[in-house]
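# just coords:
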């Protein structure tokens, strides 16, 4: 096998900003931007000489990428908050799970807080009632399909686990909110 000479990459602040801007303009969604920028952060960290990790240049480059990533995350949270409001209004469980899946639980919690801030109390109460009923009925269906007491057979009851988890978290949030 041929051995290749090592490839050396050099980044300065202008190049880093340009690279981040290219990521921002070449991605279709905030979720893709966040993923690409996090990948860039990981690449820089994993491939740079560990001796420079505390240095001023490394820190400056890392901060530039962090700033772009944080802006993309804020945009993602706003987009997801708007999408959750629509999904809850339509009672679209699949869309709620789609919003839930790429977020951390704390991220989903923040999106639910946006929902609470932008939605009138009667609408939230109605959503809480629907969500509670969905969770109760789905759990009962899963338990009925299970040969074991107090166990849920997701596959046997044809329950999507992502939907069940997302709706469970949404239900907990809404029940806490309306019962305050």
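Perfect, thanks for sending it. Everything numeric here is computed off the predicted structure, so don't read it as measured data.
# Which stretches in this protein count as helices?
13-26, 30-47, 56-90, 93-100, 105-118, 121-144, 161-178 (DSSP state H).
# who's in contact with the most centrally placed residue in the chain?
Against the mean C-alpha coordinate of the chain, by CA atoms, centre = their mean, the closest residue is residue 103 at 1.7 Å. Applying CB atoms under 8 Å, 6 or more residues apart in numbering, we find residue 103 in contact with 80, 111. For every residue, glycine as well, the C-beta is placed using N, CA and C.
# So which of the helices of the chain is the most surrounded?
Ranked by mean neighbour count under mean count of other CB atoms under 10 Å, the helices of the chain are led by helix 93-100, which reaches a mean of 20.
# could you check the angle helix 105-118 makes with that one?
With axes from the mean of the first three to the mean of the last three CA atoms, to 10 degrees defining the directions, helix 93-100 sits at 120 degrees from helix 105-118.
# helices and strands around helix 93-100, which ones?
Packing partners of helix 93-100 (3 or more CB pairs under 8 Å, 6 or more residues apart in numbering; DSSP states H and E): helix 56-90, helix 105-118, helix 161-178.
# what's the domain layout of this structure?
Split into domains by automatic domain parsing, the chain comes to 10-90, 92-180.
# hey, least reliable of these by pLDDT?
Of all those, the minimum mean pLDDT falls on domain 10-90 (a mean of 91).
# Torsion angles phi and psi at residue 104?
With angles defined as degrees, to the nearest 10, residue 104 sits at phi -70, psi 170.
# That one - how many residues pack around it?
8 (other CB atoms under 10 Å).
# Next, work out how far apart it and residue 110 are.
Computed with CB to CB, to the nearest Å, the distance linking residue 104 and residue 110 is 9 Å.
# Ok, residue 174 next?
The value you get for residue 174 to residue 110, if CB to CB is used, is 15 Å.
# Ok, residue 38 next?
Taking CB to CB as the measure, residue 38 falls 18 Å from residue 110.
# what does residue 166 give?
Residue 166 sits at a distance of 15 Å from residue 110 (criterion: CB to CB).
# same deal with residue 137?
Distance, residue 137 to residue 110, by CB to CB: 28 Å.
# and if you look at residue 58?
From residue 58 to residue 110 the distance is 30 Å (CB to CB).
# What are the phi and psi values at residue 119?
Dihedral angles (degrees, to the nearest 10) for residue 119: phi -130, psi 140.
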